[in-house]
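> What follows is a predicted protein model with its sequence.
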Amino acid sequence: MQATDKSAADVEGRPNLAVAGEEASEMVIDDLSEEEHRHSDQKRSFSRAISDFKTPNQTLRAMDLVLGAVNVAKLLEENPWLASLVRECCKTETARKLRLLKILRKPSLPRSLPLGTSRVPDDTEEEKQSRLFGLGILGSSISRNATDVLLAIISDYLKTKRNNYAPLASIINSSGTGKSRMVDELAKTIISVPMCLRDAGSKGFPPADGSLRDWKTWTVDDMLAGKYKPSEETERKNAAAFFVRRQERLASAFRRLMTHGQAFGSANDYRKKFYKDVIDGARTFASGSRRVHEQRQRHRPGGDEVERFIDPARVWGDQAGKETDLRRPFLILAFDESHRLTESDKQDGWSVFSELRLPSILSTLPSDPSSRISREEYSVLPPITETGFDVLAPVACEGVVTLSQVTGLDWICHLGRPLFGSLYDFAPNSIARKNIHRLAKHKILGGNFTVAEAIEKWKQDVVPAPGNCVLASVAIRFALEFNPTTKYHRDAVLTLVERHMRLCISATSGFEALSTTSSSEPILAEAAQEILYEIGQSPVQHLAGRLDHPFIDRGNRGELTALLILMAARDKVASIAKTRDIFLCDFLEALMPGFAYAQLKEALPHHHRTEAEKQSFGDAFKDSRLWFNHVIKIHDSSMLSSHELWKFMTRGAVIMCAPNQTAVDIVIPFCFSGDVLSRKTVSAIFIQVKNDKSFGPAANTSLFHAIDPFSIKVYQGDETPLPCIRMVFALASKAPAVHISKPSEHDTRHSKRFTAYDIWFSGIWPETFPLIGNEREEYKIILQRSMPDQKAAYADSDPNTDKQVKQARENIRRNLTPLCAIEPAHHTKYRKLEEIAVQ
C-alpha cells in the first residue's frame, strides 16, 4: 500500500500525503506515530535547514541538514525531484514526506541471511527509527554500523575453530563513546540480559540494578533456567531466515520490557521484578543444592533450554553454521560496570566472574584446568574496542560549509564521541548547552570532583595536582602518542582510557599490546585548555617533568616544542578576542617580537606567481583567519593535498606531519579570504622544524626552497595555488634571530608557480618567541628530550626512584653503549690531551 492510497483524513487523523509522479513510487506506508513525527520536526538540524532555505547560497547546506549522513550531491543527481520535495518540507516545516521515502531507508537485507548479519526484513515497531538513517530527519541516533560490527565480532568469537577459555569478551573504551548504547542497540537483534552493577550512590546511565548488584550468590545458568522455557516449533520454509526474525522479535520485545520508562535514578518496574524473580528462584535452588566438583564433561541445562527456546529444531547450528563457521549467539549477558564481578570476600577467591567461565549459551563444557591457558590450549578473547565515533557529526560539504559554522558550539559538540552531541541536542536551553563544557572538564578530571572543587583542593595543596589529569589534558591538545612496553606503563595508559577520556583503538588479550589515541574532539580540547589554565600549570611545565617516561613518544625533530609555542600564541589571541577563530595577522603578532612583525607587515613575498599577488604581507593576509585548538597527527602525506586541507579547519586542528614527510613538519591551514571553506579558499602555513645545532641564526634558503607546495603534493598539475607562508624553526640554535626573507632577485620558472612569504626563527629565546617568557628552560628540556640520543632507553622511569640513584643507573646503562653519544658515561675509558695534561 502506497502513500498515495491514503485519504485526506485517514483512520489515524493524519494529513493527506498524496504526491505525484516519481515521488509517489518512492513512498512507503506511514508507519510512524504523530508523536514521532512531531518530535523529529522539532530537532535543531531541521530548524536550521528551514532557516537556511531562505538564503539561496545555503540551499545545499540545508539539504545536508535535512537528509543527514548521506551523499547529498549523488542523491540529488539520481533523484532530481527530491530538491523540490525538501524545499516543500522546509516551507511547511515538517519533514513527514521525507521520512516515507524508500531511498532514505536502510535497504532490507536478503532473506537468505548469512550468519553474523544483524538486520532482517519485517521490523518491529521499536526498530523503525533506527532504520531511518537521515540524521536531520530523526535526530540523534547511534550508528547501526558499530552495532553490526559488534555482532560480527561476537559471531566470529564463537567460531568452533577457536579454543576459547570462555565466551567472555570485554568492551573497552573511554567514557561517552556509546558502549552501553551500542549493546542496547544489539539487544534489538539478540536477546540480551542487561545487568548494571554500578556502585550504590553513583550517577550515570543506565541506572544500577541494586538488588542484583548486592546479591553475591547467584549463578548465570540458574537464572536462565528460571526465566526461559521451551516453546512449540513452527513450520517454516527458510529455517535460517526464520530463526533470525524470531530471535530479533523476541529480543526487541524483551528489550522494550527491560528499558521502557527507566531513568537516571532508577530502573523500571518490570526490570526490578525480573531480577527479584531471578534472585528468589536462584535462592530456592541454592538452598537445596551443594557445590558440584568439575567433571570431564558437564551438562548445562540452562544453556540447553535457551537454545531449544530460540531454535527448537536446532536448524541454525546444523545447516547455516556449516557454510561460514560463524556461530550467531543465542543470548548475550551484558554487564555494565563489570569490574564488580571480580570482587571476592571469600577465602577461596570465588567470585561471580569465576562462574561466568561456564558458558550458558552452550550445552556442554569440557574440563579445562586454567593451566591450559598458559600452555596455549585455550585462549582468552581479546577486548572489543570498536565503538561509535563521529556518529552525530554533521556532514561538511566543500564550498558550502563555513568558518562561522564550524566554530559554533553546536558544530564542535557533535564531533567525536556521541556523548556531547546527544546532550547538546536534548539540552532544554542555551544555559544547559553551555554546561557541556563543564561536563567535558569533569570527564577529563576523572569525575572525582566537580571542577571547582578539584581546582580549589589542588591550589590549597589538600591533594597534589593529579599528573594523569594534566597529562590527559596535554595529550588531548597535542596528540601525544604512548608506546607502553611494561605492565607499569600499560596500566598508566589504561588509566587514561578508563578515567580521562583517552580512546583505545585496539588491544590484545591481557593488554600485551595496546594502541590508544587522543582523537580529534575540539570540545574536549577546549575543556583541556581551560583545565590547564585553571590549574596554573602550562603544558610546557608539565611535560618538562614527565618526558623522562619512555612510553611517551616525544618525536625526534622538535615538532612537539614547536607546537607548544604555536598553541601558546593561538591561545593568547583567542583569549583576548573571545572567539574560536582568530585573524592570522593577530596570531603572528603574538608569535613574533614586535620589530619582526612590523617588518613582516610591510614585507613583499620572497617570490610571487603574478603581479597581482606582489603585495605586502599585511595587505595580502588582512582578511585571513585560522581556527585550531588541538593537533591531528597524520599518517599519510597525501592528507596535505589542497583537496584535504580544508577538512582540518572543520575540526579546528593543526597538522603534525608523518615522520617520513619531506620538507615540512607542521601545517596550519587558514581561510585566506571569505567564510566558505574549500580547496579554493584555504591556504596554509608550512613549517619545517630543525633540532640540529648546525642551523643557526643565519637563514638557510635551501630549506625554504624544499618547502614547495607542488613538490610536497599540496597542489598538482595546473591547480592555482593561494599565497602561502613558509617558516623554519631552527630551535637548537645557540643565538636568537628572526629573519623575514626579501624578494628574490632571481626569478625562475619554478619560483613563478606560487607566491610565498618566508620567515626564519632561530633558537628558543624570548628574543625569538616573546611568549615563552620565563619558561625557556622548560622548553629547552622538552627539545632535548626529542633529540635522537636514545635518552629514553637509559632513563629510569620509576617515579619512586631517588634522583641520585636514577642518575647512577643511567650512567651504568650508558656504559653499555660506548661512543654512541657525547655524554661522559659513553667515554669512561678515553682521555683527551687536555685531560692528560691536567693529570
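Yes, it's here.
> Burial check on His827, number of neighbours?
For His827, the count of nearby residues is 16 (other Cβ atoms under 10 Å). Bear in mind the C-beta positions are built from the backbone N, C-alpha and C, glycine included.
> Please read the previous query as pertaining to Trp760.
If we define neighbours as other Cβ under 10 Å, then Trp760 has 24 of them.
> tell me the SS of it?
strand (DSSP: H, G, I helix; E, B strand; the rest coil).
> tell me the contacts of it?
699-700, 727-728, 730, 737-739, 741 (Cβ atoms under 8 Å, 6 or more residues apart in numbering).
> Please identify which of these is nearest to Ser515.
Within those, proximity to Ser515 (Cβ to Cβ) peaks at Met727, which comes in at 32.1 Å.
> Show me the shaky parts of the stretch 701-839 of the chain.
746-751, 787-793, 795-801, 831-839 (pLDDT under 70).
> Can you show me the strands along it?
Applying DSSP state E, counting those that start in this stretch to the stretch 701-839 of the chain gives strands spanning 724-730, 737-740, 756-762.
> Neighbouring strands - and their directions - for the second one?
It stands for strand 737-740. Note on strand 737-740: by DSSP bridges, its sheet partners are strand 756-762 (antiparallel).
> Please name the nearest non-neighbouring residue to Gln599.
Spatially, and ignoring its direct neighbours in sequence, Gln599 is nearest to Ile740 (4.9 Å; Cβ to Cβ, 6 or more residues apart in numbering).
> for Ile668, that is, sorry about that
Nearest residue to Ile668 in three dimensions, chain neighbours excluded: Ile685, at 4.2 Å (Cβ to Cβ, 6+ apart).
> With Arg814 instead?
Ala825 (3.5 Å).
> what about the longest helix in the protein?
Using DSSP state H, we find that the single longest helix of the chain is helix 239-259.
> Count the neighbours of Thr610 for me.
Neighbour tally, Thr610, other Cβ under 10 Å: 9.
> Please list all residues in contact with it.
Counting by Cβ under 8 Å, 6+ apart, the residues that Thr610 touches are Thr755.
> Could you pull up phi and psi at it?
phi -140, psi 160 (degrees, to the nearest 10).
> one step back: wait, which of the strands of the stretch 701-839 of the chain is closest to Leu560?
Here strand 724-730 is closest among these (Cβ to Cβ), at 11.6 Å.
> relative to strand 756-762, how tilted is the closest one?
Between strand 724-730 and strand 756-762, the angle comes out at 20 degrees (axes from the mean of the first three to the mean of the last three Cα atoms, to 10 degrees).
> Could you count how many residues lie near Tyr533?
Using other Cβ under 10 Å: Tyr533 sits among 13 other residues.
> what ranges do the strands span in the stretch 551-700 of the chain?
552-553, 582-583, 625-626, 630-633, 653-656, 666-671, 682-690.
> again, but for the stretch 151-300 of the chain
Using DSSP E, counting those that start in this stretch, strands in the stretch 151-300 of the chain cover 191-196, 297-299.
> ranking the ones you listed by mean pLDDT, which is last?
Comparing mean pLDDT across the strands of the stretch 151-300 of the chain, the weakest is strand 297-299, with a mean of 44.
> Make sure Tyr597 is actually in contact with Glu589.
Yes - counting by Cβ atoms under 8 Å, Tyr597 does reach Glu589; the two are 4.9 Å apart.
> what sits against Gly555?
659, 786.
> For it, grab phi and psi.
Main-chain dihedrals, Gly555, degrees, to the nearest 10: phi 70, psi 170.
> Look up the pLDDT of it for me, please.
Here the pLDDT value assigned to Gly555 is 75.
> Tell me the spacing between the residue nearest to Glu767 when sequence neighbours are not counted and Arg340.
Using Cβ to Cβ, 6+ apart and skipping residues adjacent in sequence, the residue nearest Glu767 is Pro736, 3.8 Å away. From Pro736 across to Arg340, the span is 58 Å (Cβ to Cβ, to the nearest Å).
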